[in-house]
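> Model the following, please.
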Amino acid sequence: MPKKFRCDLVTWEHARQLSEQLAEMIADQGFGPDIIVALARGGLVPAMNLSDFLGIKDLVSIRVEHWGITATRDKRAKIKHGINAGLEGRKVLMVDDIADTGDSLRVSRDYLDDLNPCEIKIAALHYVNTSKVKPDFYTEVVDRSKQWVWVIYPWNFVEDVSNLIERLGKKLFIKKFYQKDADEIRKGLEEEYKLSLDIREIEKVLCWMNKKKRN
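Got it, this is the predicted structure:
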């Protein structure tokens with residue numbers, strides 16, 4: 001992962017729209033899952049949306065660890081929390097927000113495959129064109145062939161932006177950068193990561209950062 005990269009922000013409304021497009025794609029291709037397995041944490045909201053659109057009430061999750069601090073990958077993906085639901089002979093739709101490196105998807109698919117389902121298909125809102133695993137269903141492609149891009153989802157907004165502020169502070173050799181003026185931080189994020197945020201959004205993140213620092 002390069003030192004400098006671009007961040008693309010997904011809103012709640014756009015995430016819902018992408019989920020609906022994904023559901024339409026799944027339905028149009030005639031795949032009727034018996035159960036949806038969300039990859040926590042990123043796949044939880046998309047999986048809930050797909051459950052709603054497709055009318056699949058059987059929804060469970062597994063916890064996969066791979067990404068640590070924002071845009072920083074751990075050494076290898078691993079299953080932290082599995083499931084107790086029986087999958088033998090069932091059609092499984094595995095859901096994540098993004099197919100990034102593909103490692104989390106590969107490890108999760110292998111884990112689920114050992115539970116003897118009759119079929120596993122993968123759905124994701126975004127597919128990074130350098131991923132080792134290509135989902136069966138996806139709505140948008142993230143092109144990293146020319147520039148490294150990190151996608152920020154609304155369910156991970158505070159965490160990601162907090163980590164970007166910390167990262168920027170270290171690069172600028174400024175301790176407690178999160179205590180600087182919000183407009184200065186906003187300009188820094190836009191210059192460094194092409195991330196355009198409203199000043200109120202920055203202030204909200206800084207508020208949460210300060211609360212966490214006090215605890």
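
> Which SSE is immediately downstream of the lowest-mean-pLDDT helix or strand in the chain?
Ranking every helix and strand in the chain by mean pLDDT, DSSP states H and E puts strand 73-81 at the bottom, with a mean of 73. Beyond strand 73-81 in the direction of the C-terminus, DSSP states H and E gives the next helix or strand as strand 91-99.

> partners of that following strand in the sheet?
Sheet pairing of strand 91-99 (DSSP bridges) gives strand 35-40 (parallel), strand 119-128 (parallel).

> phi, psi of the closest residue to residue 125 other than its chain neighbours?
Distances taken as CB to CB, 6 or more residues apart in numbering place residue 18 nearest to residue 125, at 4.6 Å, with adjacent residues excluded. No exception for glycine: its C-beta is placed from N, CA and C like everyone else's. Torsion angles at residue 18 (phi, psi; degrees, to the nearest 10) stand at phi -60, psi -40.

> same thing with residue 6?
Taking degrees, to the nearest 10 as the convention, residue 6 sits at phi -100, psi 140.

> is it in a bridge, and if so with what?
residue 149.

> give the contact list for it.
147, 148, 149, 150, 193, 194, 195 (CB atoms under 8 Å, 6 or more residues apart in numbering).

> Model confidence at it, what's the number?
Here the pLDDT value assigned to residue 6 is 93.

> Also residue 85?
Predicted confidence (pLDDT) for residue 85: 80.

> ditto for residue 215
pLDDT, residue 215: 64.

> Wasn't residue 140 part of a strand?
Yes - counting by DSSP: H, G, I helix; E, B strand; the rest coil, residue 140 is part of a strand.

> Break down this structure into its helices, ranges please.
12-28, 44-54, 103-113, 157-171, 182-193, 199-214 (DSSP state H).

> I'd say residue 120 and residue 112 touch.
Yes - contact criterion CB atoms under 8 Å: residue 120 and residue 112 qualify, at 5.7 Å.

> Overlap in contacts, the two.
Joint contacts of residue 120 and residue 112 (CB under 8 Å, 6+ apart) are 92, 94.

> With distance to residue 124 and mean neighbour count added, can I get the helices of the chain in CSV?
Shown next, in CSV, are the helices of the chain (distance: least, CB to CB, whole Å; neighbours: other CB atoms under 10 Å):
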stretch, distance to residue 124, mean neighbour count
helix 12-28, 8, 16
helix 44-54, 8, 20
helix 103-113, 8, 19
helix 157-171, 18, 18
helix 182-193, 23, 17
helix 199-214, 25, 14
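
> Looking at these, which is nearest to residue 128?
Ranking the helices of the chain by proximity to residue 128 (CB to CB) places helix 103-113 first, at 10.9 Å.

> circling back: want to throw the helices of the chain into TSV with distance to residue 35?
Shown next, in TSV, are the helices of the chain (distance: least, CB to CB, whole Å):
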stretch	distance to residue 35
helix 12-28	14
helix 44-54	10
helix 103-113	10
helix 157-171	28
helix 182-193	38
helix 199-214	35
